[in-house]
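Undergrad: Attaching a predicted model along with its sequence, questions to come.
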Amino acid sequence: MKLTFRTKFILANMVVVFLTMIFLAIFVIQGLMYYSFNTTQNQLVSMGEDSQFYISQEIRALESPGGNIAAYLSNALALSEDLSRINNTRVLLFDIEGNLLADSANVDSREDIDYLEEIEIALELDSGKSVSVYKRVDGSSSIYYATPLFIDNEKVGAFSFIQSMSFIDNIVQQIILLFMGASFVGFIVVLIVSNVLSNSIFRPIKELVNSAKKLSAGNFDELLHYDADDEIGNLTTNFNKMSLHIKEKITQIENEKQKLSSIISSIEDGVIALDLDNKAFIINDTARKILNLYSEKANLDMLLEKEEFGDIIDFVAREQRDFSKEISYNNKNLHIYSNLIKGPENVIGILLVIRDITKIVELENQQRLFISSVSHELRTPLTTIIGYSDLLQRRATENPALLQKSLQTINEEGKRLLRLVSDLLDLSKYENTHFKMVFSAVDLNALLTDVIGQMKIKSGKFNIDIFYNNTELPPIKGDHDRLKQVMINILDNAIKYSNSGDIIKVLATSDEDHVDISVRDFGPGISPDIKDRIFDPFYRVDEDRSREQGGSGLGLAIVKDIVERHGGSVYVESQPGEGTMILIRLPY
C-alpha cells in the first residue's frame, strides 16, 4: 500500500512518541531495578555479616566435644530457622563440600536450589567476601546471596540468603501499564494535533499534486494554479512555462516517432537500438517476441547482462565495426547482427538485429539425423545381401544347405528393404500437407474387431493372446484405412515387445467429445527419460529385438502423424519392468 506524505508525517510523529515512551519506560525500569538491586545487596551484605557473627556465637556457646564443624552440622536446621526469623528471608546452610544441610523454607520441592553456582564460588572465597546473583525462577525475581562461613578462622561451610524481589516485578508491571496508558493518550493527542497541522500544511501541496497528475496524463492544457508568492508559487509558474514548451516538442517528436515506429514494426527481424549507456530506446514487437520480453519479470537490462549479448555489444563498442554471431538463448537459436549507430558527428549507440533461426537449425538437424538413420537402415540389409551374394558366387554349388540359407536370407533382407521403403513413402505422404485423407463415418468397434482378429494370427505364433473390451462407441469421422493402419502398427509393436505367454489388453471407451483407445502390453517397459522419443522416426527401445522381428522404426512415427491428421493425440504411459500403454484419443 502506497502511503501519502501526509500519512507519513502523522505516522512519523506517532513513532517518535512511541519510541520516546519506550525509552523512558526502559530508563525508569532499569534505574529502579538498579537502585533496588544495589539497596537489597547492601542489606544482604549487612545481614550476612550479622549472621556470620550470630552463628559463630551460637556454635561457641555449645562447646561441642566434636568441635565447631560437628556442632555446625548437628545444629544447621535450628540455625537456619533462627536466621530466617531474624532476617525475615529464606536461609540455606551448606557444608564445606557444598552439600545442603538446612533450608529454612522447609519445602518438598527444591527445583530452585538444585544447582547454586554461587555456593561453589562462595566456598572458594576468603572471609568477609560474598557473591550475589540476580535470578528469575518460575516468573519471580530473587537475589541469591552466598558467603563462606568461618568459625574461629576455620571454614566450616557456607550459607545463602534468597531474597525475593517480587515487589520489583509488581512495580515494573505497574510502570509498564502506566506507560502503555500514557502512550495511548499520547497517540490520540499526536494524531489529533498532527491531523490539524497537516491539513493546513499539505492542502496547497495536494492541489499542486492533483494538477500535476492531469499534466502528466497528457493534458497540457491543464495549468497549475497557486496564488501565494512563496517557493511553491515560483515552482508553479516555472512548471507552467515548461509544460507549454514540452507540449510543442512532444507534438513534433510524436510525429517523427510514429514514422520510425511504422518502419521498424514492418521489419520481420527483431530490432533493438541501445544508447551509449546500453539503455534501449527502440525495440520492436518481433524482438520482444523472440526474447520473451512480454512477461512482467522480463527485463532488458538483465538480458544485456547475459554473456552472449554482452560479448557482442562489447566487441562492437571496442572494435568500432559490425559483428555477427549465432547463439543459443532460451532454447532458441538466434542469429545476432550488431553495428554502430552513427549520428552526424559521433556514435550515438549500438544496433542489434535478431533473427530466430530455431526452425532452420531444427530442420537441418532433423535432416542430418534422418539421412543418417536411413543410411544405417539401408546399409544393414544391403550389406547382408551383398555378403551372401558373394558367398553364393564362391561356394553355392558345393553346399546345397548354404545355398538355401543364403537365398532365404537374401529374400528376407529384400523384403525388409521393401518394408522400409514403403514405410518411408507412407511417412512422407502423411507429413505432406497436400495429402488428402478420405474421411467418412467409421465404426471403431468393427474396425478394432477386424484388426485384432488379424493380429491374433501373428501373436499366436509367439504364444501371446490379445483381449479386447469396449463400451458403446459412437461412429467417428475419419479415414478407415489409415485408422486401421494405426491399430495394426500399435498392436504389431506390442507383440514385438511382449514375451511368450504374455497378454495384450485393448480397451475402447467414449467420453462426451472423444473416444479413447488404449493398448496395454506387459513387456520390458520404457525408461521415463526416453519415453517421449518413441515417436521419432527410426527410434527403437530395443534395437536387437526390433530388427530381429523386422521392425523399421517408423511404425509409431506413422501412428502419430495419422492421429494428428485426425485432430487427435497419442500418449504413452510406461514403467521399466511393468510394460507399456499407448493411448489414442480421437474426437467425434
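TA: Noted; the coordinates are in hand.
Undergrad: Compute the number of surrounding residues for Ser574.
TA: Ser574 has 22 neighbours, counted by other Cβ atoms under 10 Å. Heads up, the C-betas are built off the backbone N, CA and C, glycines and all.
Undergrad: Now for it: which residues touch it?
TA: Counting by Cβ atoms under 8 Å, 6 or more residues apart in numbering, Ser574 touches Gly525, Ile526, Pro528, Lys531, Thr580, Met581.
Undergrad: Give me the subset of those lying in strands.
TA: Those of these mapping onto strands are Thr580, Met581, per DSSP state E.
Undergrad: How is the protein divided into domains?
TA: The chain breaks down by automatic domain parsing into domains covering 5-172, 267-355, 361-429, 437-587.
Undergrad: sorry, back to before: which of the contacts of Ser574 has the weakest pLDDT?
TA: Looking at these by pLDDT, the weakest one is Lys531, with 77.
Undergrad: separation between that residue and Ile341?
TA: The gap separating Lys531 from Ile341 is 49 Å, by Cβ to Cβ, to the nearest Å.
Undergrad: Distance to Asn210 for the domains of the chain - can I get that in CSV?
TA: Output for the domains of the chain, formatted as CSV (distance: least, Cβ to Cβ, whole Å):
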stretch, distance to Asn210
domain 5-172, 14
domain 267-355, 29
domain 361-429, 56
domain 437-587, 56
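Undergrad: On the three-state scheme, the residue nearest to Tyr329 when sequence neighbours are not counted is what?
TA: Leaving out its chain neighbours, the residue that sits closest to Tyr329 by Cβ to Cβ, 6 or more residues apart in numbering is Glu308, at 6.2 Å. For Glu308, the assignment made with DSSP: H, G, I helix; E, B strand; the rest coil gives helix.
Undergrad: Count the residues that sit near Glu308.
TA: 14.
Undergrad: Equivalent analysis for Ala146, please.
TA: 26.
Undergrad: cool, and Leu556?
TA: That count, for Leu556 with other Cβ under 10 Å as the rule, works out to 21.
Undergrad: what ranges of the stretch 201-350 of the chain fall below the confidence cut-off?
TA: Residues of the stretch 201-350 of the chain meeting the criterion pLDDT under 70: 201-204, 207-208, 222, 224-228, 232, 294-304.
Undergrad: Could you pull out the strands in it for me?
TA: Secondary structure of the stretch 201-350 of the chain (DSSP state E, counting those that start in this stretch): strands located at 270-275, 280-283, 323-329, 332-342, 347-356.
Undergrad: do the same with the stretch 401-550 of the chain
TA: Assigned by DSSP E, counting those that start in this stretch, the stretch 401-550 of the chain shows strands spanning 440-442, 465-470, 476-478, 503-510, 514-521.
Undergrad: Quick one, which of the strands of the stretch 201-350 of the chain gets closest to Phe467.
TA: Checking the strands of the stretch 201-350 of the chain against Phe467 by Cβ to Cβ gives strand 332-342 as the closest, at 46.8 Å.
Undergrad: Which residues does that closest one contact?
TA: 273, 290, 308-309, 312-313, 315-316, 320-328, 347-358, 360-362.
Undergrad: How about the secondary structure of the closest residue to Val515 other than its chain neighbours?
TA: Nearest non-adjacent residue to Val515, counting by Cβ to Cβ, 6+ apart: Leu586, 5.0 Å away. Using three-state DSSP, the structure places Leu586 in strand.
Undergrad: still on that earlier bit, just so I know, which of the strands of the stretch 201-350 of the chain lies nearest Ser80?
TA: With Cβ to Cβ as the criterion, Ser80 lies closest to strand 323-329 of the strands of the stretch 201-350 of the chain, at 84.8 Å.
Undergrad: The strands of the stretch 201-350 of the chain: which one's closest to Gln454?
TA: Of all these, strand 332-342 comes closest under Cβ to Cβ, at 45.4 Å.
Undergrad: For the closest one, which residues meet the burial criterion?
TA: By 16 or more other Cβ atoms under 10 Å, the buried positions in strand 332-342 come out as Lys332, Asn333, Leu334, His335, Ile336, Tyr337, Ser338.
Undergrad: For the second one, give the beta-bridge partners.
TA: Put plainly, it is Asn333. Judged by DSSP bridges, the bridge partners of Asn333 are Ser328.
Undergrad: now the last one
TA: When assigned by DSSP bridges, Ser338 has beta-bridge partners Phe323, Leu352.
Undergrad: Off-centre distance for the helix or strand that Ile562 is a member of?
TA: Assessed by DSSP states H and E, Ile562 sits inside helix 555-565. In terms of Cα atoms, centre = their mean, to the nearest Å, the centre of helix 555-565 is found 38 Å from the chain centre.
Undergrad: That one to strand 514-521, inter-axis angle?
TA: Relative orientation of helix 555-565 versus strand 514-521 (axes from the mean of the first three to the mean of the last three Cα atoms, to 10 degrees): 170 degrees.
Undergrad: tell me what helix 555-565 is packed against?
TA: With contacts taken as 3 or more Cβ pairs under 8 Å, 6 or more residues apart in numbering; DSSP states H and E, helix 555-565 sits against helix 400-431, helix 480-496, strand 569-575, strand 579-587.
Undergrad: Could you tell me how far the third one lies from the centre of the chain?
TA: Right, strand 569-575. 29 Å.
Undergrad: List the buried residues in it.
TA: Using 16+ other Cβ under 10 Å as the burial criterion, the residues of strand 569-575 that qualify are Val570, Ser574.
Undergrad: Pull up the pairing partners for that strand, direction included.
TA: As defined by DSSP bridges, the strand partners of strand 569-575 come to strand 579-587 (antiparallel).
Undergrad: Just want the angle from the strand it pairs with to strand 503-510.
TA: 20 degrees.
Undergrad: from the middle of its chain, how far away would strand 579-587 be?
TA: The answer for strand 579-587 is 34 Å, by Cα atoms, centre = their mean.
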